[in-house]
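A.B. asks: Requesting a structural model of the entry that follows:
(2 chains)
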2 protein chains.
Amino acid sequence: MTLETVLTRLDADLDTAVQRLLSFLRIPSISTDPAYADDCQKAADWLVDDLTALGVTAKAHETPGHPMVVGHVGDGAPHLLFYGHYDVQPVDPLNLWDRDPFDPALEDTAQGKVIRGRGTADDKGQLMTFVEACRAWKAVHGTWPCKITFLFEGEEESGSPSLVPFLQAHKDTLSKPDLALICDTGLFNRDTPAITTMLRGLLGEEITITGPNKDLHSGLFGGAAINPARVLARIIARLHDDTGRITVPGFYEGVPELAPQIKAQWQALGFDEQAFLAEVGLSQLAGEQGYSALEQLWARPTCEVNGITSGYTGDGFKTVLPSKASAKISFRLVGTQDPYAIRKSFRQMVQDMLPPDCTATFEDHGAGPASVMSTENPAFDAARHALSAEWPNKAAFLGGGGSIPIAGYFKDILGLDSMLIGFGLDDDQIHSPNEKYDLRSFHKGMRSWARVLDAVT
Amino acid sequence: MTLETVLTRLDADLDTAVQRLLSFLRIPSISTDPAYADDCQKAADWLVDDLTALGVTAKAHETPGHPMVVGHVGDGAPHLLFYGHYDVQPVDPLNLWDRDPFDPALEDTAQGKVIRGRGTADDKGQLMTFVEACRAWKAVHGTWPCKITFLFEGEEESGSPSLVPFLQAHKDTLSKPDLALICDTGLFNRDTPAITTMLRGLLGEEITITGPNKDLHSGLFGGAAINPARVLARIIARLHDDTGRITVPGFYEGVPELAPQIKAQWQALGFDEQAFLAEVGLSQLAGEQGYSALEQLWARPTCEVNGITSGYTGDGFKTVLPSKASAKISFRLVGTQDPYAIRKSFRQMVQDMLPPDCTATFEDHGAGPASVMSTENPAFDAARHALSAEWPNKAAFLGGGGSIPIAGYFKDILGLDSMLIGFGLDDDQIHSPNEKYDLRSFHKGMRSWARVLDAVT
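C.D. replies: Numbers count the residues shown, from 1 in each chain, chains lettered A, B, ... in the order given. Presented below is the predicted three-dimensional model:
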C-alpha cells in the first residue's frame, strides 16, 4: 500500500521536517511593518527554493507589496490549487514572550511537544504540512499525485491588498484548477478534524444620527430638543425582536435551513455550549431562539453593534445634549443573503424610524456574501473520510462564524470552490505572544494531507 | 419722590459707574487657573475697597481657594443678602477675541452700546448693578434702605469648592437675612425683566453594562453571546414611553402641575417656540406631549442621555463584540422630586431589565433637588412690580431649565429663599470670546435694583 509508505516516510522524516520549518520560522516576515520587507522577500525566496528543490516550477512574483509565490507541478486530475501565507503577525508586546519569537524551538508542555514561535500555527507550520506531504509523496512515488498549483501570499496579515489584483491579472493561469485547498483553519478539537464548508459573510455599516445642529446644554434644552442618542438607542433596540430575530425587512431572504445531514454532523460533535460560554463569562445562549450554539454561530445570520458613541464619554460628567450619535453595526450573513439588498433595506428601515428633525448618514464598511462550498464535489466526502482515518474522531463539515475573504475571492474571481482544512487549535495563541503549533498538529497534519491527496486523486 | 432722585443720580453717575466697572474688569480674575490667583485676590480687594468706601464693613475672608468677600451694612427690615461672583471664565481661544479681554471698553453695535470684555456680563457687570444702586441710594438718602449683607464669591466659575464649607462655617452670621438676592441670571428678552423662581434639580448617573468577560470577535461569538451595547440600547429605549413620559417607577412623585397664574405669565411672554427650535436646527418640540416649550424646559422633569460609549469608536471598523457598554444619564428634577428616591428606583429598574449574564454598575455623578422659591414672600410681588416699572414689558416669574447650585445651598444651609434677578441677554457670549454686557442692561439694571430696594423696604 503506497499511502502507508508515504505515511511511514513522513514519520521517519519528521525531525528533518521540523528543522526545515524552524529555518523558515527564523525569517521574521512581518508583512505589516515596512522594516521587515526584506524578510518577506527572504521568506518568499525560501519557499521558491524549497519548491524548486522538489521539482516545482516556482517563482516569487513582484507585487506592489510583498511577493506572491506561485508554483506549478505535476499533471492529471484533479488540478488542485493550494493556498497558504508566509507572512506573520507583529510580535508586540515582546516582553510577554517567553522566548525570542524568531528563535523557534520544540518545547515540552503538559499537552505534549509544541513548536513555539511566531508563525508556527499562522501559517508557516500549517502550509508546510502540505509541502511536506508532497515531498514524501514525491520521494515515495517519484511522481506527483496530480497537477498542483501552489499559491503563497505574503500579505494575509496586512489585509491582502495585492491579492485581488494579482488573481485578476493571473486569472488565465490560476482559474484552471478544479478545487482550491486552503490550510489556515483549525481542528474542531484536539481529536476531531474538520473541513470548513460555510463561512459567514459580513456587512459593515456605520450610522450617524444628527438632531440639533450643535451640542446643547441639557438644562437649557433638555426636555424640548430631540436627543439623537435616545433616537439611536431606540433604533438599535428595534433591530431585533424579542426572540432574537432581526427585523430588517427581507433580511431572511436567502437564509437556508441547515441540511439535515450537516445538522446531524454538528450534533454528533458533542459541542459543550456551557464550556464555550463559561470561557467568556457567560451561561446562556443569547441568540436567535430555537437554534443550537453552533447553528447560531455558523448557520444563522446576525446583527451586532460593534461600537456606539455619542456626547461626552470622558471621566466625570457633562450635561451635554449631543448633536450626534453614531454606531458601527455589522451583519454576519449566511446562505445566499445579498449584502447589497440588506444594506439598502437596513438604511431604509433606519430612515423610516427617524423622528422629525433627525437625519441619518451612513458609511459603508464593506459588504461580502457568505461563502458556502458546494460539498457535492466528491472531493469533500473523500477528504472527510481521509481525515477520519487519521484522527481519533470522525471528521465533520463545519461552519465558520468569521469570514475568510480568500475563499470568496477564489470563488468570485477564479470560479473555484475551496476546501478549508487546517490543524490549528484554539490555544495556539495566533496573533498573540507565545504562538505555538502542536507537534502533533504538524505531524498528523502532513499525514492528513497525504491521505487527502491519496483520496481525491 | 426720593426714588426718582436716586434714579436721576444713577443716570447722572452712569459714566463714572462705567469707569469703575472697567477698572474692576481689568483685573484678570480667572479662578480656575492658578496663575491668576493673585489677580483673584486683587479683585476681592478691589471689592473690599469699594464697599469700604461706601461705609460697608467689608473683609476678604481667606478660604482654601480664592477669598470670599463679606460685607455688612445698614439696619432695618428686611435683611437682604446679596450674592455675586468676582471670578471670571478663562479667555481661550484668545485669537477669537476682537480685543484684549482684560482691556474692556464701550463699543457701539447695531444693538446699541455694549461693554466688551471678560466678566462684563458674568458676573462683574451684573454684581456692580446692585453696588451702584446702593451707592446712589446712600448718596441721596445718606442712609441704607435696610440691613444688607454682601457675599462675593471668587470660585463660581471653578465649581465653588470653598462655598459650602464657608457657608457652613459662617452659618451663624449669614443665616440671619430674610432673603437672598442673586444677580447672575438674565432678562427674558431685551424688554422683559424676569425673576427666576424655579430651577430644576439634577441627578447624574453613569451606568455600565457588562456582558462577556472580555471583548469578543463578533464572527466567532456573534449570534450566541450577549452584546451589552444592544442591552444598553434596549434599556435606554425603555426609559421613555411613546408620549415622552419617563417610565422610572415613582418618577413623577413630587412633580406639581404648574400654578395657573404662573402658566398665564409664561403664556403672556409670547415665547417663540419656532425661533427657539430653529436656532439649533430643529422644528418640533420633542418633549413630553401636552406641554408647551417653556413648560417642558422649566416645569417638567427630564431624562437625557449625555453620553454613550461601547466597543470600537475610532475610524474604520472592528468586528468586536464589546464586553461593556456605558451611558451617562441625567435627570432634571422639578417640584419636590426626591433625587435619592429616583436614583434608587432608576437603578432597580435597570437591574430588572437586565437579561441573564449581564451585570450593571452605577456611578453617582451628583444629586440635587429642584429649587422652587416660595413666591408667597411679598418681596417677590413687590420686586416684580418694581421691575415692570423700569422695563417696557411686565416682569414675569420664570423657571430655569438648568441648575444654579447657589440657590440650593442658600436654602439648605442658610434656610434662605433666593430671588434671582439679572439683566443678561442670550447674546452676551458668556464663557465665550467677545463677552459683552449691554450698557442698557448695566444702566437699567442699576435702576432696577434701586426700584427693587425701594419696593421691598
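A.B. asks: can you list the domains in chain A?
C.D. replies: Residue ranges for the domains of chain A, per automatic domain parsing: A:2-199+A:370-456, A:201-255+A:301-368, A:258-295.
A.B. asks: Phi and psi next, for A:Tyr437.
C.D. replies: Backbone torsions of A:Tyr437, given as degrees, to the nearest 10, read phi -140, psi 130.
A.B. asks: how many other residues sit next to it?
C.D. replies: For A:Tyr437, the count of nearby residues is 31 (other C-beta atoms under 10 Å in any protein chain shown). Any C-beta I mention is one placed from the backbone N, CA and C, and that applies to glycine too.
A.B. asks: ok, it touching A:Asp123?
C.D. replies: No - the criterion here is C-beta atoms under 8 Å, and A:Tyr437 misses it with A:Asp123 at 9.8 Å.
A.B. asks: how about low-confidence regions in chain A?
C.D. replies: A:1 (pLDDT under 70).
A.B. asks: How much space separates the residue nearest the centre of it from A:Met373?
C.D. replies: The residue lying closest to the centre of chain A (C-alpha atoms, centre = their mean) is A:Ile404, at 3.7 Å. Look at A:Ile404 and A:Met373: by C-beta to C-beta, to the nearest Å, they are 11 Å apart.
A.B. asks: ok, now A:Arg116?
C.D. replies: Counting by C-beta to C-beta - A:Arg116 and A:Met373 are separated by 33 Å.
A.B. asks: same question, A:Ser418
C.D. replies: Distance from A:Ser418 to A:Met373, by C-beta to C-beta: 6 Å.
A.B. asks: quick one, which of these two is more surrounded?
C.D. replies: Remark: of A:Ser418 and A:Met373, A:Ser418 carries more neighbours, 24 against 21, as counted by other C-beta under 10 Å.
A.B. asks: ok, now which ones touch the residue of chain A most remote from its centre?
C.D. replies: Distance from the C-alpha centroid of chain A peaks at A:Leu220, with 50.7 Å (C-alpha atoms, centre = their mean). If a contact means C-beta atoms under 8 Å, 6 or more residues apart in numbering or on different chains, then A:Leu220 has B:297, B:401-402 as its contacts.
A.B. asks: Just the ones of those in strands?
C.D. replies: Among the contacts of A:Leu220, none falls in strands (DSSP state E).
A.B. asks: Among these, which ones lie close to chain A?
C.D. replies: The subset of those within reach of chain A, by C-beta under 8 Å from any C-beta of the partner chain, is B:297, B:401-402.
A.B. asks: can I get those residues in TSV with neighbour count?
C.D. replies: Shown next, in TSV, are the ones next to chain A among the contacts of A:Leu220 (neighbours: other C-beta atoms under 10 Å in any protein chain shown):
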residue	neighbour count
B:Leu297	28
B:Gly401	23
B:Gly402	16
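A.B. asks: Would you double-check that the residue farthest from the centre of chain A falls in a strand?
C.D. replies: No - under DSSP: H, G, I helix; E, B strand; the rest coil, A:Leu220 sits outside any strand and is assigned helix.
A.B. asks: Next one: it from A:Asn227, what distance?
C.D. replies: The gap separating A:Leu220 from A:Asn227 is 13 Å, by C-beta to C-beta.
A.B. asks: nearest residue to A:Ala293 other than its sequence neighbours?
C.D. replies: A:Glu273 (4.4 Å; C-beta to C-beta, 6 or more residues apart in numbering or on different chains).
A.B. asks: A:Ala105 too?
C.D. replies: Spatial nearest neighbour of A:Ala105, chain neighbours left out: A:Arg116 (6.2 Å); criterion: C-beta to C-beta, 6+ apart.
A.B. asks: looking at the sheet around the one you found, what are its partners?
C.D. replies: Under DSSP bridges, the beta-bridge partners of A:Arg116 are A:Ala105, A:Lys436.
A.B. asks: tell me which element whichever residue of the stretch 251-400 of chain A sits closest to chain B falls in.
C.D. replies: Taking C-beta to the nearest C-beta as the measure, the stretch 251-400 of chain A has A:Gly281 as its residue closest to chain B, at 3.1 Å. Counting by DSSP states H and E, no helix or strand carries A:Gly281.
A.B. asks: thinking again about what came up before, mind giving me JSON lines with the domains of chain A and columns for distance to B:Ile308?
C.D. replies: JSON lines is the format used below for those (distance: least, C-beta to C-beta, whole Å):
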{"stretch": "domain A:2-199+A:370-456", "distance to B:Ile308": "27"}
{"stretch": "domain A:201-255+A:301-368", "distance to B:Ile308": "5"}
{"stretch": "domain A:258-295", "distance to B:Ile308": "20"}
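A.B. asks: wait, A:Val31 sits on A:Ser160?
C.D. replies: No Val there; residue A:31 is Ser. No - under the criterion of C-beta under 8 Å, A:Ser31 makes no contact with A:Ser160, lying 9.4 Å away.
A.B. asks: So which of those two has more stuff around it?
C.D. replies: Remark: of A:Ser31 and A:Ser160, A:Ser31 carries more neighbours, 27 against 20, as counted by other C-beta under 10 Å.
A.B. asks: Setting the sequence-adjacent residues aside, check what's closest to the more buried one.
C.D. replies: Spatially, and ignoring its direct neighbours in sequence, A:Ser31 is nearest to A:Asp87 (3.5 Å; C-beta to C-beta, 6+ apart).
A.B. asks: Let me know whether that neighbour touches A:Ala43 as I believe.
C.D. replies: Yes - counting by C-beta under 8 Å, A:Ala43 is a contact partner of A:Asp87 at 7.2 Å.
A.B. asks: who has more neighbours, these two?
C.D. replies: In terms of neighbours (other C-beta under 10 Å), A:Ala43 is the more surrounded of A:Asp87 and A:Ala43; the figures are 31 against 27.
A.B. asks: circling back to that earlier point, quick one: which of the ones next to chain A among the contacts of A:Leu220 is nearest chain A?
C.D. replies: Within the ones next to chain A among the contacts of A:Leu220, distances to chain A taken as C-beta to the nearest C-beta reach their minimum at B:Gly402, with 2.8 Å.
A.B. asks: contacting residues around the closest residue to that closest one other than its chain neighbours?
C.D. replies: Excluding the flanking residues, the one nearest B:Gly402 by C-beta to C-beta, 6+ apart is A:Gly219, at 2.8 Å. A:Gly219 makes contacts with A:319, B:200, B:202, B:332, B:400-403, as judged by C-beta under 8 Å, 6+ apart.
A.B. asks: Also A:Leu282?
C.D. replies: A:Leu282 neighbours (C-beta under 8 Å, 6+ apart): B:211-212, B:225-226, B:357.
A.B. asks: wait, what's in contact with A:Ser448?
C.D. replies: A:129, A:133, A:193, A:386-387, A:390-391, A:421, A:423.
A.B. asks: Would you mind listing what in the stretch 301-450 of chain A touches chain B?
C.D. replies: Proximity of the stretch 301-450 of chain A to chain B, by C-beta under 8 Å from any C-beta, involves residues A:301-302, A:304-313, A:316-322, A:325, A:327-328, A:330, A:332, A:355-357, A:365-366, A:400-403.
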